[in-house]
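Asks: Need a 3D model of the sequence below.
(one chain, ligands or ions: 1)
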Amino acid sequence: MNTRSQQLFERARQFIPGGVNSPVRAFKSVGGTPLFLRDAKGAYLYDADGNRYIDYINSWGPMILGHAYEPVVTAIQRQAASSTSFGAPTELEVEMAALIVEMVPHIEMVRMVNSGTEACMSAIRLARGYTGRNKIIKFEGNYHGHADSFLVSAGSGVATLNIQQVPGVTPAVAQDTLTAPYNNLSVVEDLIDEHKGEIAAIIVEPVAGNMGCIPPAEGFLEGLRRLCTREGIVFILDEVMTGFRLARGGAQEYFNIQADLVTFGKIIGGGLPVGAFAGSRAIMEEIAPAGKVYQAGTLSGNPLAMVAGYTTLKELYNHPELYARLQQKTSYLVEGLKGVFGIGNIFSQINHVGSMMSVHFTEYPITDFVSASGANNELFKKFFHAMLNRGIYLPPSAFESWFLSDALAQEDLDRTLEAARETMEEIAAI
Ligand code: PMP
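Replies: Predicted structure coming up:
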């Protein structure tokens, strides 16, 4: 029963466009009523009707330690009693920056912002200011937030809602964003040749997580790195999803690759609104007030967000064994699901890297946006709703990654596989 969610959704649509504050939540591509959530603890969510779900979204990544993680809750409570915002420097943000520099390879300086969008938007402004060039290259189906420059061939909700051209993004802005298929180096080389000396930055999700989960092909990231070095292009890894999730040092550590700038969001805020961008001193000191590339924020580095992020990162820093554990939980689930789909003779592709994964129903490998778009969405819809009915909360679109948390216990994984088995039986019976 989700009567209360239905009532709330109706009321929400009176006051909030589409009833939600961010599009993917609206269940547009799978249909039905989004669940209105009331509270959460560990691996579980509770909706407004009191139903319990095992969570595989985890706020789209941030809750890697599970919901209401005790040390984070305590730190937030203590800070809230002291101050929630000064708009002035604090010791806490210095320690936060120092911890990030300690954890992430190849960076010397960090600027805190309030979302992944802000981080990516600021990073390309910085790359443009640093190089004196205008154009950027991004990849089809990658999502870097909702800044104008990124809403060209974007993934996530833009793909889910199938919006080809976003009204409000001017042609002048869009023409400076060049796009290439993910995992395709030769198109990138062609773009660079065509626009010699004009490209400020290449921005890429090191593991794509906004068209389902798609790993980088062998040599793809290394090839981009090589091209950027050769052409004086700033290489930006968008680590909003992968940062502190693939490893303590994110994709740079996981894939042994060096970026010029990295952007963060999600885990870095421990569930509060935080983003950051980081890089070498030489590039970062172009940012105001050290340099002239302007970037600012009333709430940037605010103590409540910093304490949630700092406490989360410190837990990850102190417990590196957590990453192997998460990877093992993910592999267990992936292997289990493969078995279930195999018995049902259902074609599926289950991509996974670290604790990110996704399911596409197709016999063809999912390597880019075109292959992701070719998967069977009708079957995905059925799978999604049948799992939801059994208390398993999955992303409501095949164009999103699942994110596992360390709070998931063996019995949760087994319950999930049992639900998948029942789901396949139900689908086969239709
Ligand atoms: N980059 C990536 C890779 C993302 O996945 C997202 C959001 N899912 C963003 C940027 C934008 O972050 P935010 O929603 O915090 O603005």
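Asks: the bottom helix or strand of this structure by mean pLDDT?
Replies: helix 157-160 (a mean of 87; mean pLDDT, DSSP states H and E).
Asks: So what's the gap between that one and the chain middle?
Replies: Relative to its chain's centre, helix 157-160 lies at 14 Å (C-alpha atoms, centre = their mean, to the nearest Å).
Asks: do the same with stretch 316-335
Replies: Worked out by C-alpha atoms, centre = their mean, stretch 316-335 lies 18 Å from the chain centre.
Asks: swap in stretch 90-99?
Replies: Chain-centre distance of stretch 90-99: 24 Å, with C-alpha atoms, centre = their mean.
Asks: same deal with stretch 54-74?
Replies: Remark: stretch 54-74 is offset 14 Å from the chain centroid, using C-alpha atoms, centre = their mean.
Asks: got the contact list for that stretch?
Replies: The contact list for stretch 54-74, computed with C-beta atoms under 8 Å, 6 or more residues apart in numbering, reads 39-45, 240-241, 244-245, 266-267, 269-271, 308, 311-312, 315-316, 326, 355, 391-395, 400, 402-408, 412, 415-416. C-betas here are computed from N, CA, C, even on glycine.
Asks: which of the residues you listed count as buried?
Replies: Neighbour-count burial (16 or more other C-beta atoms under 10 Å) is assigned, among these, to 40, 42-45, 240-241, 244-245, 266-267, 269-271, 308, 311-312, 315-316, 326, 355, 392-395, 400, 402-408, 412, 416.
Asks: Looking at the stretch 151-300 of the chain, which residue is nearest the ligand?
Replies: Residue nearest to the ligand within the stretch 151-300 of the chain: residue 240 (3.5 Å; C-beta to the nearest ligand atom).
Asks: I'd say that residue and residue 121 touch.
Replies: No - using C-beta atoms under 8 Å, residue 240 makes no contact with residue 121, being 11.8 Å away.
Asks: now the closest residue to the ligand within the chain, nearest residue through space, not along the chain?
Replies: Residue nearest to the ligand within the chain (C-beta to the nearest ligand atom): residue 116, separated by 2.2 Å. Distances taken as C-beta to C-beta, 6 or more residues apart in numbering put residue 265 closest to residue 116, at 2.8 Å, once the chain neighbours are dropped.
Asks: confidence score at that neighbour?
Replies: At residue 265, the pLDDT value in this model is 98.
Asks: With residue 228 instead?
Replies: pLDDT, residue 228: 98.
Asks: burial of it, as a residue count?
Replies: 21 (other C-beta atoms under 10 Å).
Asks: Likewise for the one 10 residues further on?
Replies: The number of residues packed near residue 238 is 33, by other C-beta under 10 Å.
Asks: That one reaches residue 201, doesn't it?
Replies: No - look at residue 238 against residue 201 with C-beta under 8 Å: they stay out of range, at 10.8 Å.
Asks: and the longest helix seen in the chain, which residues are buried?
Replies: Ranked by residue count and defined by DSSP state H, the top helix of the chain is helix 321-343. In terms of neighbour count (16+ other C-beta under 10 Å), helix 321-343 has its buried residues at 322-323, 326-327, 329-330, 332-333, 336-337, 340-341.
Asks: Tell me the helix or strand right after that helix.
Replies: The C-terminal neighbour of helix 321-343 among helices and strands, as given by DSSP states H and E, is strand 349-353.
Asks: Quick one: mean pLDDT for that next one?
Replies: Mean predicted lDDT for strand 349-353 stands at 98.
Asks: now stretch 389-404
Replies: Across stretch 389-404, the average pLDDT comes to 97.
Asks: Quote the end-to-end distance of it.
Replies: 20 Å (C-alpha to C-alpha, to the nearest Å).
Asks: ok, it near the ligand or not?
Replies: No - using C-beta under 6 Å from any ligand atom, stretch 389-404 stays clear of the ligand, coming no nearer than 8.3 Å.
Asks: And the contacts of stretch 19-32?
Replies: 9-10, 12-13, 18, 33-34, 156-157, 160-161, 377, 380-381, 384-385, 395-400.
Asks: buried residues in it?
Replies: For stretch 19-32, a neighbour-count test (16+ other C-beta under 10 Å) marks 19-20, 23-30, 32 as buried.
Asks: So what would you say the end-to-end distance of that stretch is?
Replies: Counting by C-alpha to C-alpha, you get 13 Å between the two ends of stretch 19-32.
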